[in-house]
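> Provide a 3D model corresponding to the input given below.
(one chain, ligands or ions: 1)
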Amino acid sequence: MQNFIFDQPAHRVIFGVGAIARLREEVERLGLHRPLFISTPGRSKDANKAAKDLIGMTVSVYAEAVMHVPIETIAAAREAIERHNADGLIAFGGGSAIDTSKAVGLQLGIPIVAVPTTYGGSEVTPFYGYTEDNIKKGKRDRTMLPKSVIYDPALTLSLPTKVSAPSGMNAIAHCVEGLYGRNANPVMSLLAVEGIRALARALPIVVKETENMDARADALYGAWLAGMVLGSVGMAVHHNISHVLGGTFRLPHADVHSVILPHAAAFNRDAAPEALRNVSEALGTKDAAQGLYDLELRIGAPRSLKQLGMPEDQLDRAAKLITEDPYYNPRPVDYAGIRQLLENAYWGRL
Ligand code: NAD
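Numbers count the residues shown, from 1 in each chain. Have a look, this model is predicted:
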């Protein structure tokens, strides 16, 4: 066994169908009187509905969060908080709403209750991503962690297949890299394998029967495990590539993760054989990369950068940006290897 540092920040989770009914209790637990919901435009209706249940509190909804969290959005959210004189935040939605909340919550030193409605995992990680001058950057500080997380599968029934499938693959990506990332450790590896199992079992049902509550609960459970792995184990080449493609080329976050994941697994196949054997076993396939690629076909998740609108003439630039200051990875991250990976990912051929 390799040496490791185990560093999993503690968090409180309320999980279950109908758990959103506990929102008031969680907000009161923190002693909040003037909470502000932070959400994306698409979640505004549900956020307003949840806000109505907080009778007796002075509540407002700010539903302008956007993906990759540009610094201008953080500034606008901060203004909304100051206008409302909010004493706490309710991050309601996917990673875009939660990362925006973490950014402003940290700046202003106010607590967050998170109500995640995708499978991204940001609600249990001590960092957020943001974009500045077209570069995706990150900030880490464990004080930004939400004080409570409410996972209610019923809130994910409305998640369309085109979001469920890539978002689920984004969660699987956290688990895959958690098995070979820096500080991979036996406890997080257990969570990672269980996370892959739960998501691989649930997603094919979720995309066929979007309102199947058991499958939605299974997927959300897998997403929670994946979030813990992401928050605890350093991520590697897959996240490195996805952050550059998302931040600089404005490609949709979860979709990029979906496209890159089988290629990242193939890239690391020989350098991290045990980790990838664990992935293939969890998927019930012979080869991890092929198993991920096949799962994507089955659930209709994106498999090519071309399909996401990546300009082909920017692949050289992307490879340069990725290899300029690479993350830790079990196989050295070299220009030729990454350029080839991007070429394959562009055409969606494994
Ligand atoms: P998202 O939050 O942008 O949501 C995607 C879309 O789905 C949005 O239009 C949203 O309104 C909609 N949506 C969300 N929940 C819905 C529901 N239940 N029903 C119907 N529509 C719904 O997407 P995401 O992939 O969750 O988050 C991406 C962002 O989160 C990126 O900026 C990424 O960097 C960040 N992220 C951060 C972490 C972290 O640990 N800090 C982890 C994962 C993602």
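
> For stretch 38-55, which outside residues touch it?
Outside of stretch 38-55, the residues within contact range by Cβ atoms under 8 Å, 6 or more residues apart in numbering are 20-21, 23-24, 27, 35, 37, 59-66, 77, 89-94, 96-97, 100-101, 104, 115, 117, 155, 158. All C-beta atoms are positioned from the backbone trio N, CA, C, and that covers glycine.

> Can you give me the buried ones in that stretch?
Within stretch 38-55, the residues that qualify as buried are Ile38, Ser39, Thr40, Gly42, Arg43, Ser44, Asp46, Ala47, Ala50, Ala51, Leu54, counting by 16 or more other Cβ atoms under 10 Å.

> Likewise for stretch 53-70?
Counting neighbours by 16+ other Cβ under 10 Å, one finds that the buried residues in stretch 53-70 are Leu54, Val59, Val61, Tyr62, Ala63, Glu64, Ala65, Met67, His68, Val69, Pro70.

> near the ligand, which of those residues show up?
Contacts with the ligand are made by Met67, His68, Val69 out of the buried residues of stretch 53-70, judged by Cβ under 6 Å from any ligand atom.

> ok, the residues you listed vs Gly284, which is closest?
Nearest to Gly284 among those, counting by Cβ to Cβ, is Met67 at 32.2 Å.

> for the closest one, helix, strand, or coil?
coil (DSSP: H, G, I helix; E, B strand; the rest coil).

> Enumerate every residue touching it.
By Cβ under 8 Å, 6+ apart, the contact list for Met67 reads Gly95, Ser96, Gly246, Pro252, His253.

> Sort out for me which of the contacts of stretch 38-55 are in strands.
Members of the contacts of stretch 38-55 lying in strands (criterion: DSSP state E): Pro35, Phe37, Ser60, Val61, Tyr62, Leu89, Ile90, Ala91, Phe92, Gly93, Val115.

> Give me the pLDDT value at the fifth one.
Right, the one you point to is Tyr62. Note on Tyr62: pLDDT of 98.

> Quickly list what it is bridged to.
Counting by DSSP bridges, Tyr62 forms beta bridges with Ile38.

> quick one: it and Arg339, what's the gap?
Tyr62 sits 41 Å away from Arg339, taking Cβ to Cβ, to the nearest Å as the criterion.

> okay if I get the ones next to the ligand among the buried residues of stretch 53-70 as CSV plus distance to Pro330 and pLDDT?
Shown next, in CSV, are those (distance: Cβ to Cβ, whole Å; pLDDT from 0 to 100):
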residue, distance to Pro330, pLDDT
Met67, 29, 96
His68, 27, 94
Val69, 29, 97
